[in-house]
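Q: no sequence for this one, just the structure:
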Ligand SMILES: CCCCC/C=C\C/C=C\C/C=C\C/C=C\CCCC(=O)SCCNC(=O)CCNC(=O)[C@H](O)C(C)(C)COP(=O)(O)OP(=O)(O)OC[C@H]1O[C@@H](n2cnc3c(N)ncnc32)[C@H](O)[C@@H]1OP(=O)(O)O
């Protein structure tokens with residue numbers, strides 16, 4: 001991976017914002033479709049009929065497609081967007097999506113409601129899903145959108161099961177040394193007691209710009 005993998009896209013911010021909203025609304029409906037599919041008890045004939053309609057809708061969306069994944073894009077105005085991201089992607093129905101709030105330097109949190117699509121043990125959040133969400137918020141905490149960081153090592157302690165439903169995730173930078181940033185985080189259910197605790201080492205890759213005033217990063221400023 002190199003900086004060249006971040007795509008400079010000439011789309012204007014106004015157009016990005018407009019398109020993001022339109023497709024995000026469709027994505028919400030697809031999330032509903034996923035939940036409805038998991039929990040549906042309609043009869044087999046109805047399932048077959050719905051499948052035909054869904055297949056027809058997929059064909060319509062396939063009429064014009066990107067050649068590969070959505071990637072991370074940015075424009076000259078400083079707007080960046082990663083619509084396909086597995087956790088925060090506004091156009092990815094697999095993403096809850098997590099809306100991460102940056103409270104200040106080195107601190108971030110997110111509130112999300114996890115439904116049937118995120119189940120592992122009965123009625124509980126899948127352990128891999130907890131790791132996925134923690135990884136993203138910890139990566140963003142380390143980065144603060146002022147530098148590029150990648151997960152080096154992630155360590156999780158699952159203290160208790162997390163019930164499906166409302167979940168809060170919080171992360172903060174514990175320490176920094178050169179290109180290595182240690183982040184601590186936890187995930188908690190409605191009672192606020194941490195159910196999963198995490199420590200991660202996030203690394204500024206050797207090929208990434210480290211100078212926070214670097215113009216490359218100015219372009220990635222929160223958008
Ligand atoms: C990515 C999205 C970007 C979005 C851009 C737009 C705007 C926002 C900007 C920022 C991003 C915002 C948020 C972050 C987002 C998302 C979170 C998702 C995170 C992920 O989902 S990300 C995927 C999983 N992640 C990987 O896919 C990593 C694969 N891997 C590599 O790409 C390399 O492996 C790398 C880069 C890790 C290191 O490569 P390198 O060449 O820089 O490292 P080098 O050898 O120089 O080592 C330097 C010192 O780190 C130590 N060290 C090295 N590796 C270590 C390890 N793994 N664990 C512990 N220590 C390690 C050495 O021991 C040495 O230590 P010492 O200096 O003490 O000797």
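A: Yep, that arrived. Please read all numbers here as calculations on a predicted model, not as lab measurements.
Q: residue in this structure nearest to the ligand?
A: Among the residues of the chain, residue 139 lies closest to the ligand, at 2.4 Å counting by CB to the nearest ligand atom. C-beta coordinates here come from the backbone N, C-alpha and C atoms, glycine included.
Q: settle this for me: that residue is touching residue 204, isn't it.
A: No: taking CB atoms under 8 Å as the contact criterion, residue 139 and residue 204 are not neighbours in contact, 11.5 Å apart.
Q: re the thing from before, residue contacts, the residue of the chain closest to the ligand?
A: Contact criterion CB atoms under 8 Å, 6 or more residues apart in numbering gives 149, 150, 151, 202 as the residues in contact with residue 139.
Q: what subset of the residues you listed is buried?
A: Applying 16 or more other CB atoms under 10 Å to the contacts of residue 139, the neighbour count classes 149, 202 as buried.
Q: make JSON lines from the contacts of residue 139 and add secondary structure, distance to the ligand and pLDDT to it.
A: As requested, the contacts of residue 139 are arranged in JSON lines below (DSSP: H, G, I helix; E, B strand; the rest coil; distance: CB to the nearest ligand atom, whole Å; pLDDT from 0 to 100):
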{"residue": "149", "secondary structure": "coil", "distance to the ligand": "6", "pLDDT": "96"}
{"residue": "150", "secondary structure": "strand", "distance to the ligand": "4", "pLDDT": "97"}
{"residue": "151", "secondary structure": "strand", "distance to the ligand": "4", "pLDDT": "98"}
{"residue": "202", "secondary structure": "strand", "distance to the ligand": "8", "pLDDT": "98"}
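Q: nearest to residue 2, out of the contacts of residue 139: which one, please.
A: Ranked by distance to residue 2 (CB to CB), the contacts of residue 139 are led by residue 150 at 12.2 Å.
Q: buried ones in the longest strand belonging to the chain?
A: Of all the segments of type strand in the chain, defined by DSSP state E, the longest one is strand 165-177. Along strand 165-177, these residues count as buried under the neighbour rule (16+ other CB under 10 Å): 167, 169, 170, 171, 172, 173.
Q: tell me the pLDDT of the nearest residue to the last one once chain neighbours are set aside.
A: Leaving out its chain neighbours, the residue that sits closest to residue 173 by CB to CB, 6 or more residues apart in numbering is residue 106, at 3.6 Å. The predicted structure scores residue 106 at 96 on the pLDDT scale.
Q: and if you look at residue 167?
A: Residue 167 carries a pLDDT score of 98 in this model.
Q: tell me the confidence at the residue positioned nearest the centre of the chain?
A: The chain has residue 87 as the residue nearest its centroid, 1.9 Å off, counting by CA atoms, centre = their mean. Residue 87 carries a pLDDT score of 98 in this model.
Q: secondary structure class for it?
A: Using DSSP: H, G, I helix; E, B strand; the rest coil, the structure places residue 87 in coil.
Q: all helices for this protein, in order.
A: 13-39, 44-62, 127-143, 215-219 (DSSP state H).
Q: out of those, deepest packed?
A: helix 127-143 (a mean of 22; mean count of other CB atoms under 10 Å).
Q: quick one: mean pLDDT for it?
A: In this model, helix 127-143 has a mean pLDDT of 98.
Q: ok now it, how far from the chain's centre?
A: Helix 127-143 has its C-alpha centroid displaced from the chain centroid by 8 Å (CA atoms, centre = their mean, to the nearest Å).
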